[in-house]
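# build me a structure from this.
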Amino acid sequence: MMRALSVLMLLLAGCESMSKMKQAAEPQLIPGDPTAPSQVTPGEAMKIAQAFTDHPWRPFARNILHGKDKAGVLVNTPDVTHEPGQDRKGWWVPGEVNTGIPYKWGGYDDPASFDLAIANGNAGGDVSSPEKRRADNAAVSAQAAGVDCSGFVSRCLKLPTAHDTSQLPAVCAELPSAQDLQPGDVLNIPHRHVVLCAGWFDPQHTWIYYYETGGGPDYWKPGLKQAPLDALLALGYKPMRYKGMAYEQVPSGKQPKEVLTRAVKAKATVVTNPTVGEP
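Alright, predicted model coming up:
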């Protein structure tokens, strides 16, 4: 009996030791503003962005719409028949497995809700246009599925509701300098466009990695890109940090961990002359 008790005590001591080691190995987080709508880490934001970029889906002819939906809202899906000879041409092919959740004006789908909508026959995305920008919310189709630039960033920040480019500043703090940008921060132009910072391309902080949808060269799908910071700032982008961003505590003298792997960075599209994005 005593021997069994001794073995049990040793097992319990071992479990406690392993638990303490596990806790020590887990990163200590510095939480964001507790009043923010959500809490998210840079790594989580990048993981969500990449999930939108890599999402596989198979559309069919019924998911193509170039005309008015049931409510009279004009919809143009970014399939391969959309402006094939233009810069802002469509890309997805019916009957094939495509990669990336397409752009939709006013869209806020996540991968699960997008897949369900496509399975129900909704239009696969809806491109932006000057007319849609003028009509704003009235131009959002309930019969189309996808995500726009601010819906995409809102999802990456785990916001419970979509925050458009004019609403994001209310849940963010403008950075003193663009040189302070870190993964998970945003570059925003109210009423125009927003992108998600994914890290620095070079130690001199002259080029950055960023995720976006609705910007060139692949306008109507999400993707990782790299561009010169000065060119982005010249377009009017303001560097901001989400108030609910939580960071891993970094020991003094050490650099924060990279959030993008080499394999992911290698797939980034080089954009030497970035534009504001959506028309």
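# quick one: the strands in the stretch 101-250 of the chain?
123-124, 144-145, 172-174, 186-189, 193-200, 207-212, 223-228, 238-242, 247-248 (DSSP state E, counting those that start in this stretch).
# export these to JSON lines and tack on distance to residue 101 and mean pLDDT?
C-beta here means a position set from N, CA and C on the backbone, and glycine is covered the same way. Shown next, in JSON lines, are the strands of the stretch 101-250 of the chain (distance: least, C-beta to C-beta, whole Å; pLDDT from 0 to 100):
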{"stretch": "strand 123-124", "distance to residue 101": "9", "mean pLDDT": "98"}
{"stretch": "strand 144-145", "distance to residue 101": "8", "mean pLDDT": "98"}
{"stretch": "strand 172-174", "distance to residue 101": "23", "mean pLDDT": "97"}
{"stretch": "strand 186-189", "distance to residue 101": "19", "mean pLDDT": "98"}
{"stretch": "strand 193-200", "distance to residue 101": "14", "mean pLDDT": "97"}
{"stretch": "strand 207-212", "distance to residue 101": "12", "mean pLDDT": "98"}
{"stretch": "strand 223-228", "distance to residue 101": "11", "mean pLDDT": "98"}
{"stretch": "strand 238-242", "distance to residue 101": "21", "mean pLDDT": "98"}
{"stretch": "strand 247-248", "distance to residue 101": "27", "mean pLDDT": "86"}
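# so where's the stretch 151-279 of the chain uncertain?
251-257, 279 (pLDDT under 70).
# rerun that using 80 as the cut-off
249-258, 277-279 (pLDDT under 80).
# state whether residue 67 is indeed within a strand.
Yes - assessed by DSSP: H, G, I helix; E, B strand; the rest coil, residue 67 belongs to a strand.
# just list whatever residues bridge to it.
Counting by DSSP bridges, residue 67 is bridged to residue 75.
# show me what contacts the residue nearest to residue 104 when sequence neighbours are not counted?
Excluding the flanking residues, the one nearest residue 104 by C-beta to C-beta, 6 or more residues apart in numbering is residue 146, at 2.8 Å. For residue 146, the contact set (C-beta atoms under 8 Å, 6 or more residues apart in numbering) comprises 101, 102, 103, 104, 107, 109, 114, 124, 125, 126.
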